[in-house]
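Participant: Just the structure for this:
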Amino acid sequence: MACIHYGLALLRAAEAFAPAVQAAAPEPRVHQVEITGFAFVPSRIEARAGDVIAFTNRDFAPHTASADSSKWDTGRLKNGASARVVLNYTGTVPCHCELHLHMKGDVVITGAKSVHAR
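Facilitator: So this is what the prediction gives:
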């Protein structure tokens, strides 16, 4: 019986010094942006660091989705093609189409999570 009490006391002592368990970070969210009618729809995305933006070209003309800061670029997307961009930083990033400079959008990234997978 003394062993049981001793073991229970050791378990409680260990629990007192154990590090607190942190909640798991939220799963990255995929934000869909369609390129249609020579525009980004929606033209403004609010996301968290670690999220992904999936750009899909619905126009017959080719387009790009390129960060003004050159942090990312989808390359040329043909009709029906898609590309994903991982947001691994924070801040507001204006973007545009390299082929049609009047096409503009904004990506607002908050939070501190960083995901590097593509």
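Participant: Just list the residues touching the most centrally placed residue in the chain, thanks.
Facilitator: Ranked by distance to the mean C-alpha position of the chain (Cα atoms, centre = their mean), the top residue is Asp51 at 1.4 Å. The neighbours of Asp51, taking Cβ atoms under 8 Å, 6 or more residues apart in numbering as the test, are 28-31, 86-87, 109. In this view, the C-beta of every residue, glycine as well, is placed from N, C-alpha and C.
Participant: Please, where are all the strands along this protein?
Facilitator: Along the chain, the stretches classed as strands by DSSP state E are 30-35, 40-41, 44-48, 52-57, 66-67, 82-86, 91-96, 104-110.
Participant: per-residue pLDDT, the residue lying closest to Asn79 once chain neighbours are set aside?
Facilitator: Closest residue to Asn79 in three dimensions, ignoring its sequence neighbours and counting by Cβ to Cβ, 6 or more residues apart in numbering: Phe60, at 5.1 Å. According to the per-residue confidence, Phe60 scores 97 in pLDDT.
Participant: Surely Phe60 and Leu77 touch.
Facilitator: No. Checked against Cβ atoms under 8 Å, the pair Phe60 and Leu77 is beyond contact range at 11.7 Å.
Participant: between those two, who's got more neighbours?
Facilitator: For the pair Phe60 and Leu77, the greater number of neighbours falls to Leu77 (22 against 8), based on other Cβ atoms under 10 Å.
Participant: now the contacts of Asp51 in CSV, with neighbour count and distance to Cys97?
Facilitator: What follows is these, written out as CSV (neighbours: other Cβ atoms under 10 Å; distance: Cβ to Cβ, whole Å):
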residue, neighbour count, distance to Cys97
Pro28, 17, 25
Arg29, 11, 24
Val30, 11, 21
His31, 19, 18
Val86, 17, 20
Leu87, 27, 19
Ile109, 19, 20
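Participant: Can you give me the neighbour number for Thr74?
Facilitator: By the other Cβ under 10 Å criterion, the neighbourhood of Thr74 contains 24 residues.
Participant: Wait, it touches Thr56, no?
Facilitator: No. Counting by Cβ under 8 Å, no contact exists between Thr74 and Thr56, whose distance comes to 10.0 Å.
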